[in-house]
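Enquirer: next input, structure requested:
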Amino acid sequence: MSASAVTPSRLPDVRFGRLVRHADERGSFRELWRASSFGSLAERLTGLPGARFVQANLSASAPGVLRGLHYHRRQLDYWVVVSGRALVALVDVRPPTAGSGPAVVETRQLAADEWVVIPTGVAHGFLALEPLLLLYLVTNEYDGTDELGFAWDDPAVAVPWPRLAATPDGRPILSERDRHNPTLAELVASLGPG
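Expert: From the prediction side, this is the model:
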């Protein structure tokens, strides 16, 4: 992530950027992450004291696949688009979970070499607009206890997902889990106070 450009976000603590690609006749090189350039992994960003990146994942998605909206209370995600294009949707659920206001939505298209940092409390999802490889580093190993989510098409949140030419009915291809996620209001109610 060193020497990469950073662009602002409407959501607190979310960062977007673009990697620097070094290329010549042999191919190319990209530095994906460097601890000294990344900055602090403060507890307010990760949900855990002393957090560090502990797992890396590579997701491959066909055009029309939508993954999300997923939400973590103890995990920061750092996503890098390796190849392809995705519409990324971020939903700041910190206000609704604190009882202080509605969720705030931000969407962006990310292409190869672009990245986003997603702190705890920001739900996230993406729609593959073309064949997509997404690398993501996380600050909590997968164990299932922090794998929360809500409906990708919750009308109260109103993420502006496009109609898809890649599927016969114009709707995204979803996992079983994402097909049955509750609304954001139902998720917040299930979490209880504080």
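Enquirer: list the beta-bridge partners for residue 28.
Expert: Per DSSP bridges, the residues bridged to residue 28 are residue 23.
Enquirer: so who does residue 186 touch?
Expert: Contacts were defined as CB atoms under 8 Å, 6 or more residues apart in numbering; by that measure residue 186 touches residue 150. In short, each C-beta sits where N, CA and C put it, glycine included.
Enquirer: now residue 125
Expert: The neighbours of residue 125, taking CB under 8 Å, 6+ apart as the test, are 66-70, 88-89, 152, 159.
Enquirer: can you pick the most crowded of the residues you listed?
Expert: In terms of neighbours by other CB atoms under 10 Å, these top out with residue 69 at 28 neighbours.
Enquirer: and the one helix or strand it maps to, which strands flank it?
Expert: With elements delineated by DSSP states H and E, residue 69 resides in strand 66-71, which encompasses its position. Counting by DSSP bridges, the strands paired with strand 66-71 are strand 122-128 (antiparallel), strand 148-149 (antiparallel).
Enquirer: from the chain's centre, how far out does the shortest one sit?
Expert: Relative to its chain's centre, strand 148-149 lies at 12 Å (CA atoms, centre = their mean, to the nearest Å).
Enquirer: heading C-terminal from that strand, find the next helix or strand.
Expert: If you walk from strand 148-149 toward the C-terminus, the next helix or strand you reach (DSSP H and E) is helix 176-179.
Enquirer: now the longest helix along the chain against strand 66-71, angle please.
Expert: For the chain, the helix with the greatest residue count under DSSP state H is helix 184-191. Per axes from the mean of the first three to the mean of the last three CA atoms, to 10 degrees, the angle that helix 184-191 makes with strand 66-71 is 40 degrees.
Enquirer: looking at the protein, which residue reaches furthest from the middle?
Expert: residue 25 (33.5 Å; CA atoms, centre = their mean).
Enquirer: ends of stretch 12-23, how far apart?
Expert: From the first residue to the last, stretch 12-23 extends over 34 Å; the measure is CA to CA, to the nearest Å.
Enquirer: show me where pLDDT drops low in the protein?
Expert: 1-4, 193-194 (pLDDT under 70).
Enquirer: again, 80 this time
Expert: Residue ranges of the chain with pLDDT under 80: 1-5, 166, 192-194.
Enquirer: just give me the residue right at the centre of it.
Expert: In the chain, the residue lying closest to the centroid (CA atoms, centre = their mean) is residue 124, at 4.0 Å.
Enquirer: in this structure that one contacts residue 89, no?
Expert: Yes - shown here, residue 124 and residue 89 form a contact pair, counting by CB atoms under 8 Å, at 7.0 Å.
Enquirer: which neighbours do these two share?
Expert: Taking CB under 8 Å, 6+ apart as the contact definition, residue 124 and residue 89 share the neighbouring residues 68-69.
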